[in-house]
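*Asks:* need a 3D model of the sequence below.
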Amino acid sequence: MKLVVFALAGLALLQLDGVGGQVSGAHVPWLVLPEIDGRVSGNDAAEFSNLPDSVQSMVIHIPAGGPHINYGTIHTKVNTESADIATKSASGAGGFELKVDLTAAGGFRFQPGRNSVELEYQDQFGRQKYFNFLIDFQSGPASRGIIPETVNRPPEKRAAKLYAVVIGISRYDQFGSSIGNLKFADKDAMGFLDFLKSPSGGGLSDDSVTVLLNEQATTQNVRHALFTFLTAAQPQDTVVIYIAGHGAPDPHDPRNLYLLTADSKPDDMGGTAFPMWQMQDVFERVLKAKRVITIADTCHSFGFSGVRNGDKGQGGNNLINQYMQHYAAKGSRAVITASDISEPSFEDTQWGEGHGVFTYFLLKGLKGEADRNHDGIVTAGELFAYLRGVVPEATGGKQNPRAMEGLASALPVSILRGVPTTGHPKAAVGHGIAQ
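*Replies:* Purely as a prediction, here's the structure:
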């Protein structure tokens, strides 16, 4: 089974000071990398010039002075994977010390580019505490999203029927929410829908797509589209999911991550937004199709915290891109995100008179610019190689597309109309993603 997932962009950060049981000041945990004498505070980030392989352990310090900690509730994660099995703890007058062996139990080794570490625990009163740490090993843009260079492999065969869900939310204020509006998310969604309806994109028919724009994209409608409409797709078919809008951690419990729908409320995320763990259910329990292309361009600015593009905010690091990758990469699936962990995704009129930068270049790549070997077929590997170059260049290195190992790089995502191909006679007349 091969599923291609394009998860675009960084999702919104919330301001968490004073909510969600966060600890401030002297009681904030910190993380130490002993081999390179590195340190990063909770809900903060640090960059290092060292190679990630030079780091084999880390130590998390939870300082004393606050409420006592319930020992059994301490949990750690490295790049979304539970590292409890590799963690040894000790307590003393200075607090708790958690030593994590990154080489244990099959390995939790850091990778080039950005990495996340998460810490959660409860105090004696049952109050939840959560912190994350962003560790960036800077070795150039090429370190972000490394995949095997297999763009010259023969493209795989196409699937049968094409199904799609296309969601674009620019206006969040129509239901009285304080979530900040976007400028071009709905336009991005319509641009991608137009591509899917073109011969190169698959000639998508109206009865095989659910389109939800702005006020139509309520949580109920999104849930119906993902959990009901997509059940029609069979194993031999291709499914495309495109989501453009906001996403954020719950300000009251930042462990929980959400896609923000048109009727989401910041003070009731659990009741009004779409939980990321339900996206995992979509990938693992709903979709029967062997080929799934998911494009989630889910943060252009920083939601309703008042923070804007390029600013960091006060609530810690944005891990939603990473969890989208994690959920979508099960089995033989693969993920491309529009930005690295905790990076914003930019939108502006300079790109196609109004687009998100990633979707702007995504469409240009699908229309031919990503066809590296000029065979008339744009594969997933070619598309990522193209985006990994042009998006950082257009944003001064502030936005870096990323893919995980295992990308189904030979899977065709666009067949260019009128371009002769070898061994694919139907490609010359443009049969797109599915034929």
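
*Asks:* look up phi and psi at L196.
*Replies:* As for L196, its main-chain torsions (degrees, to the nearest 10) stand at phi -60, psi -30.

*Asks:* and I36, how many neighbours?
*Replies:* For I36, the neighbour count with other C-beta atoms under 10 Å is 15. Bear in mind the C-beta positions are built from the backbone N, C-alpha and C, glycine included.

*Asks:* could you check the pLDDT of it?
*Replies:* Note for I36: predicted pLDDT of 96.

*Asks:* and if you look at G25?
*Replies:* At G25, pLDDT is 56.

*Asks:* cool, and E149?
*Replies:* E149 is assigned a pLDDT of 45 by the prediction.

*Asks:* number of nearby residues for I135?
*Replies:* So I135, with other C-beta under 10 Å, has 25 neighbours.

*Asks:* kindly report the same for Q124.
*Replies:* 10.

*Asks:* with G92 instead?
*Replies:* G92: 8 neighbours (other C-beta under 10 Å).

*Asks:* ok, the one 5 residues further on next?
*Replies:* Using other C-beta under 10 Å as the criterion, E97 is surrounded by 15 other residues.

*Asks:* can you name every helix or strand that the helix or strand encompassing it contacts?
*Replies:* If you go by DSSP states H and E, E97 is part of strand 95-101. Contacts defined by 3 or more C-beta pairs under 8 Å, 6 or more residues apart in numbering; DSSP states H and E place strand 95-101 against strand 57-63, strand 69-78, strand 87-92.

*Asks:* name the residues of the first one that are buried.
*Replies:* In this case it means strand 57-63. 57-58, 60-62 (16 or more other C-beta atoms under 10 Å).

*Asks:* kindly report the same for the shortest one.
*Replies:* Along strand 87-92, these residues count as buried under the neighbour rule (16+ other C-beta under 10 Å): 87, 89.

*Asks:* now flag whichever of the buried residues of strand 57-63 is closest to E97.
*Replies:* Of all the buried residues of strand 57-63, E97 sits closest to H61, with 5.8 Å by C-beta to C-beta.

*Asks:* any idea how far that closest one is from M276?
*Replies:* 29 Å (C-beta to C-beta, to the nearest Å).

*Asks:* and if you look at T210?
*Replies:* From T210 to M276 the distance is 20 Å (C-beta to C-beta).

*Asks:* for this structure, what helix or strand is lowest in average pLDDT?
*Replies:* Least confident helix or strand, the chain: strand 3-6 with a mean of 50, by mean pLDDT, DSSP states H and E.

*Asks:* which stretches of the stretch 301-435 of the chain have low pLDDT?
*Replies:* 301-316, 329-335, 404-406, 417-435 (pLDDT under 70).

*Asks:* hey, where'd the helices end up in it?
*Replies:* 320-328, 357-364, 380-394 (DSSP state H, counting those that start in this stretch).

*Asks:* would you list those helices in a markdown table and tack on distance to T218 and mean neighbour count?
*Replies:* Formatted as a markdown table, these follow (distance: least, C-beta to C-beta, whole Å; neighbours: other C-beta atoms under 10 Å):
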| stretch | distance to T218 | mean neighbour count |
| --- | --- | --- |
| helix 320-328 | 20 | 25 |
| helix 357-364 | 23 | 25 |
| helix 380-394 | 31 | 22 |
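
*Asks:* which of those helices sits closest to L134?
*Replies:* Using C-beta to C-beta, the helices of the stretch 301-435 of the chain put helix 320-328 closest to L134, at 10.0 Å.

*Asks:* just checking, what packs against that closest one?
*Replies:* Helix 320-328 sits against strand 3-6, strand 246-250, helix 276-281, strand 333-337, with contacts defined as 3+ C-beta pairs under 8 Å, 6+ apart.

*Asks:* residues contacting whatever helix or strand comes next after the first one, please?
*Replies:* Yep, that's strand 3-6 we're talking about. Sequence-wise, the next helix or strand downstream of strand 3-6 (DSSP H and E) is strand 30-33. Outside strand 30-33, the residues within contact range by C-beta atoms under 8 Å, 6 or more residues apart in numbering are 38-42, 48, 55, 57-61, 117, 133, 135.

*Asks:* between the residues you listed, which is closest to K161?
*Replies:* V117 (42.7 Å).

*Asks:* wait, doesn't that closest one sit right on K77?
*Replies:* Yes: using C-beta atoms under 8 Å, V117 makes contact with K77 at a distance of 7.0 Å.

*Asks:* looking at these two, which has the bigger crowd around it?
*Replies:* Neighbour count, other C-beta under 10 Å: between V117 and K77, V117 has more, with 23 against 17.

*Asks:* S116 and E81, how far apart?
*Replies:* 10 Å.

*Asks:* with neighbour numbers in mind, choose between those two.
*Replies:* Counted by other C-beta under 10 Å, S116 and E81 do not tie: S116 has more neighbours, with 22 against 14.

*Asks:* so that one, which of the three states?
*Replies:* What DSSP: H, G, I helix; E, B strand; the rest coil gives for S116 is strand.

*Asks:* didn't it look like it was pressed against N132?
*Replies:* Yes: using C-beta under 8 Å, S116 is in contact with N132, at 5.8 Å.

*Asks:* between those two, which contacts overlap?
*Replies:* 317, 319.

*Asks:* leaving out chain neighbours, which residue sits closest to the residue nearest the centre of the chain?
*Replies:* In the chain, the residue lying closest to the centroid (C-alpha atoms, centre = their mean) is N321, at 2.3 Å. Spatial nearest neighbour of N321, chain neighbours left out: T337 (4.5 Å); criterion: C-beta to C-beta, 6 or more residues apart in numbering.
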